[in-house]
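Chemist: quick one, what's the 3D model for this:
(3 chains)
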Amino acid sequence: MATAPESLAQALPGTPLVKGAGRKSFLKRMVANRRTSIAGAFLLLVAIVAMFAPLIAPYDYRDIVGRPLTSGGPLGIDDFGRDVLSRLLIGLRTSLAVALSAVAVAGVIGVALGLVAGYVGRWVSTIIMRGIDVLLSFPPIVLAIAVVAILGPALVNVVLVIGVLYIPRFTRIVYSQVLSIRSMEYVEASEIMGTKPADILVKTILPNVAAPIIVQLSLSVSFAIQMEAGLSFLGLGAQPPLPSLGTMVGAGRDFLEVQPTLLIYPSVLIILVVLALNVFGDGMRDLLDPRHRT
Amino acid sequence: MRRFLVRRFTQAIVQLLLVGSIVFFLARLIPGDPARAALGEAATEEQVALTRAAMHLDEPFLGQFFGFWVRLLQGDLGTSLISGRAVMQDLPSRLGNSLELVLLALAVSLVAGIALGRVAATRADKPSDHVLVAGSIFGISLPVFVVGTLLLLVFAVLIPILPPRRFASPLDDPVAHLQILVLPVVTLAAASCAVITRMTRAAMLETLNADYVRTARAKGLVEKRVIKRHALRTAMLPVVSMTTVELTTLIGSTVLVETIFGWPGMSSLLMNAVGQRDYPVIQAVVLAAATIVILVNLVGDLVVRALDPRAEDN
Amino acid sequence: MAMMSRRSFLAGGAVALGTTTLAACGNPVTLPESMEAVRPRPGGPNRGGALHFGLSTDPANLDPHVSTGSASDYLRQLAYNGLVQYDGSGEIVADLATEFGWTDERTYKVRLRPDVQFHDGSALTTDDVVFSFRRMMDENTAATSGPLLDQVASIEAVDATTVVFTFKQPDVAFPFALAAPTSNIVSRKWIESGANTKTQVMGTGPFRFVERIPGVSTTFVRFDDYFEPELPYLNGIVFQPMSDDYARVTALRTATVDMIDYVPATHVGVITGNPRLRFASDKTFGFGFVGFVTSRRPFDDVRVRRAVAMSINRPSVLDTALLGNGRPMDGALMPEIFAPYARQLDDSTPYDPEQAKYLLKQAGQEGLTLPVVTTSSYSVIARPAQAMLPGLRAAGMNVNLTQQEWLTFRASVAAKTFPVHSWGTAPKFGDPASLRDFIGGTGTFAKNLDFQDDRIDDLLDQGRRTTDPALRNEIYLEAEKRALELVPMTYTVRREQGEAHYRYVRGYEHPPKGAWTATALRRTWMEKTA
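Modeler: Numbers count the residues shown, from 1 in each chain, chains lettered A, B, ... in the order given. Okay, the predicted model is just below:
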């Protein structure tokens, strides 16, 4: 990033993405970046914990294991008499599953639409971008309530709703980035050289818009975690007794003065996961960006 | 420029037609109906049907649909099925209250977010950058209703320096009005400020390393001037397009903020209407919100064109 | 500097837009400062002041005869009067009537107060009374009190101040029908002039309706010509809808409002722990139940229904869902305060997951999957539904709980989309005759269950026309016993429900029996303002 050497050669327009040749392997460079690797390791740990949550959890997350709102167990007992640690683990698993799938839906569709709209232009971009505008101009809560009410409050539908709601975030950013680099010399060069449009999109343009996409990805995961919480708040998200971090935060609100940890633990977990996602996202961007390679 | 505007206005109208039509059908697809809302638990199915008829909801779907558009074109937004009030009686003031909240929150987050993002980018990897990045992540991670609840608990209940008060109109009591604005605006601005900080930082870092900025540096321009003339300017592109997205997010978040702080805005009108399946109100509020979003996008596009001459050929 | 100016243009534009919208703000009705002032009176109730009331729902219908829940009754009872009303202890006392009672088994006579005025200045006549009851008895009105008046054969004005009801058969429940918050007297002239009764309000009550702004406020001011000369003490009452439990409680704690209804079980502790607040509640009316669509397999098998009933750990549901604020219900639906037999039915539905497993096995339904629907809109309904899950699992059942928004939930229940639902409500009035809504063939809640039992219907009919208290007690005991055997629904917990207010709000009472009623607001006064 800012530490990159500013040699005249690299400042020349159209520095293309070149692979291999005398560069350290991707993994080695990643490990060399301590912050990224710590965040990555944490996320890996979180992923493993989430995957094996039912095996790790000391109790069944649905069972009554003690007096409600007491300090029994490793992290206390919730208002329904259930073990907070076990619910945190399962909640983490639910939230991650929903958020990642929703963002995957949004990212794939959104980026594809943005690339096509930005590159093809003309009426294709008009249709896509105006469609995105229609989607954006809907109050999301109305869309969410309507769609979940019609389809039923299954987690799959929640993933769908959040995914669709987040498409514009990706399309917009990719679109504006594509616009600003489409006329750049290296793209024009590829066009002149007769490269197929699809190849130009994927091989030349995509890597150059990757940075904001990665930032947006990590941001969206955290937003998706919250969106799911908001939907649960309205009874549209994870159905009890299945917890998600969002529903746990929402439920903890009522006991803020009696047992604040019910709100604090899931909040801290959300913050940690999001923090790691962001740090990791930044690191990945630096590593992936062709112009940042050393 | 004029051709551009004409085209965008045509698009805007098509968009509104689409939004209006979608919301008309979507609202009616939600299970439960306004007749049931108006009658309570004890009503029989026959009585519900009677009330539906009195609300003209038993008329052919398409007739209702075209009736809605015909009235709308005549400037009639309809009458609430529940309160019996003309939608125009409530919508403008509620819209005003929400916009006040949203625009103040946006102004706060833009000013703070761009400034902080710039600081973070120019001091990348220094302690102040780390603090800002961590702070912005904190802002992004906490759900709106948690931020609002915590602020309310701390500043209104435990240390009552900003007690929530009964709504005071800015004309009657401007000081009280500003006072009650603080907590909802801060709650609303927290997340978007964090997003804009991050976007600004990322986009600026990107452009600081971009080729033409390097060229500018190579040409011997002073760093400060490089930042101002080139980096910040180009970095504003994604920030502007992000701002329009952020604005719609803010409008969405007002639902929770208005609920927590009892703010008499558009979202509380909408949520009430959705809860009672008050179709004319749902349609009017969604259309109003859509109009705002479309206008915002139009302005956003104009700003992008002003900032980036390369976007002109679109 | 070009960039700077563009940026400030953006921010400035936003601020400029903000200020232009300020001017356009029309806002909630606020009462003039002079109305908020309290005029102290030594020894007696103070005059003046406006009560700010945080209400759990924004009533969808202001019709004098159609209730959409107890919150809407609060508003109704300020502007309208019935012939009789419940006092603070839940006894039936006069309202628009001066004398009232049975003259024989099938005749009920009411003498009206003289000099009662409507808010429009016109005088109340017996014609208005007759009109009001005919309106309630008209199916098209969908009046909440309609089903309670089904034994009335005729209603006549015999002279300028006397109204006589005659009956098809004796009806012990009739006084409760008269006292119901939805049995209000309206102006015939006003209704026939085409007034929109859903949105306009015009009665004889102590407060006049000013305006309802959806989701923001509903405002009432003092009616100066109210027939009780001293009343009301307050200058006005402003209701602010606050559906979010936390927001409502916080508004009270920060004195944004003086009083709230529907104190959530999760916040009772915070309120009773505050010496400046008073919690006025009952453990009589509100209760939770699980209903079965008795025509749907496998719930047409009573063994399956009983197995579910026996798998609900009621003390645990009370402890967790309501944090102990209520009572478990393992016997009668009616509480002993107005149903003397109730204690005899205690322990009819013990928690016994082993027995439940055995019953399921007998019915060939081991490991039964139970699709249950409930509503997320009210914590008093959603929380018990969640709290009963561990018990059901202990009996080997697999529960799929679906939470729906209120109206969606009610549509699902009416359409019987789910074979099982978990709901919460209250008997309409404090007498076993109100059992009909739940277990009677035409009952509001029984219809959702496809439940009808000739024996129970017969007993309920007998009960309504039997005047001898001991005999009534026997009849309703048998009806409830049979309902406990047939299990169309199983009761879970009685919840403590009530209002909370600052101690400077005086004269408010929450009756322990009779019905949920807010007529005490007519007599409420304030020591001081917040």
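
Chemist: C-alpha from now on. contacts and neighbour counts both.
Modeler: Will do.

Chemist: so the host helix or strand of B:Ala120, near chain A or not?
Modeler: Using DSSP states H and E, B:Ala120 falls within helix B:87-122. No: judged by CA under 8 Å from any CA of the partner chain, helix B:87-122 makes no contact with chain A; its nearest approach is 8.7 Å.

Chemist: now do that helix: distance to the chain's middle.
Modeler: Distance of helix B:87-122 from its chain centroid, counting by CA atoms, centre = their mean, to the nearest Å, is 8 Å.

Chemist: would you mark the buried spots in it?
Modeler: For helix B:87-122, the neighbour count (16 or more other CA atoms under 10 Å in any protein chain shown) marks B:87-88, B:90-114, B:116-122 as buried.

Chemist: near chain C, list only the ones from those residues.
Modeler: Counting by CA under 8 Å from any CA, the members of those near chain C are B:90, B:92-94, B:96-97, B:99-100, B:103-104, B:106-107, B:110-111.

Chemist: dump the residues you listed to a markdown table, plus pLDDT.
Modeler: Output for these, formatted as a markdown table (pLDDT from 0 to 100):
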| residue | pLDDT |
| --- | --- |
| B:Asp90 | 86 |
| B:Pro92 | 89 |
| B:Ser93 | 86 |
| B:Arg94 | 89 |
| B:Gly96 | 89 |
| B:Asn97 | 88 |
| B:Leu99 | 89 |
| B:Glu100 | 90 |
| B:Leu103 | 89 |
| B:Leu104 | 92 |
| B:Leu106 | 91 |
| B:Ala107 | 91 |
| B:Leu110 | 89 |
| B:Val111 | 90 |
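
Chemist: of the residues you listed, closest to B:Gly252?
Modeler: B:Leu99 (11.8 Å; CA to CA).

Chemist: B:Leu178: how many residues sit nearby?
Modeler: 13 (other CA atoms under 10 Å in any protein chain shown).

Chemist: what distance do you get for it to chain A?
Modeler: Counting by CA to the nearest CA, to the nearest Å, the gap between B:Leu178 and chain A amounts to 26 Å.

Chemist: so what's that residue scoring on pLDDT?
Modeler: B:Leu178 is assigned a predicted lDDT (pLDDT) of 81.

Chemist: chain neighbours aside, what residue packs nearest to it?
Modeler: Once flanking residues are discounted, B:Leu178 sits nearest to B:Pro170: 7.7 Å by CA to CA, 6 or more residues apart in numbering or on different chains.

Chemist: can you confirm the one you found is in a strand?
Modeler: No: using DSSP: H, G, I helix; E, B strand; the rest coil, the assignment for B:Pro170 is coil, not a strand.

Chemist: roughly how far apart are it and C:Leu449?
Modeler: For B:Pro170, the distance to C:Leu449 (CA to CA, to the nearest Å) stands at 53 Å.

Chemist: who has more neighbours out of these two?
Modeler: Applying other CA under 10 Å to B:Pro170 and C:Leu449 shows that C:Leu449 carries more neighbours, namely 26 against 16.

Chemist: confirm that one sits in a helix?
Modeler: No: using three-state DSSP, the assignment for C:Leu449 is coil, not a helix.

Chemist: pretty sure it sits against C:Val487.
Modeler: No: using CA atoms under 8 Å, C:Leu449 makes no contact with C:Val487, being 10.6 Å away.

Chemist: list the contacts for the closest residue to chain C within chain A?
Modeler: Closest contact between chain A and chain C, by CA to the nearest CA, is at A:Phe80 (4.7 Å). A:Phe80 makes contact with A:Ile64, A:Pro68, A:Leu69, C:Thr320, C:Ala321, C:Ala387 under the criterion CA atoms under 8 Å, 6 or more residues apart in numbering or on different chains.

Chemist: quick one: the helix or strand harbouring B:Ile260 to helix B:87-122, angle?
Modeler: If you go by DSSP H and E, B:Ile260 is part of helix B:232-261. Orientation of helix B:232-261 against helix B:87-122 (axes from the mean of the first three to the mean of the last three CA atoms, to 10 degrees) gives an angle of 130 degrees.

Chemist: could you give the average pLDDT over helix B:232-261?
Modeler: Averaged across helix B:232-261, pLDDT comes to 76.

Chemist: helices and strands around it, which ones?
Modeler: Under the contact criterion of 3 or more CA pairs under 8 Å, 6 or more residues apart in numbering or on different chains; DSSP states H and E, helix B:232-261 touches helix A:155-182, helix B:87-122, helix B:144-152, helix B:174-208, helix B:266-276, helix B:279-307, helix C:245-253.

Chemist: perfect, I'm done here.
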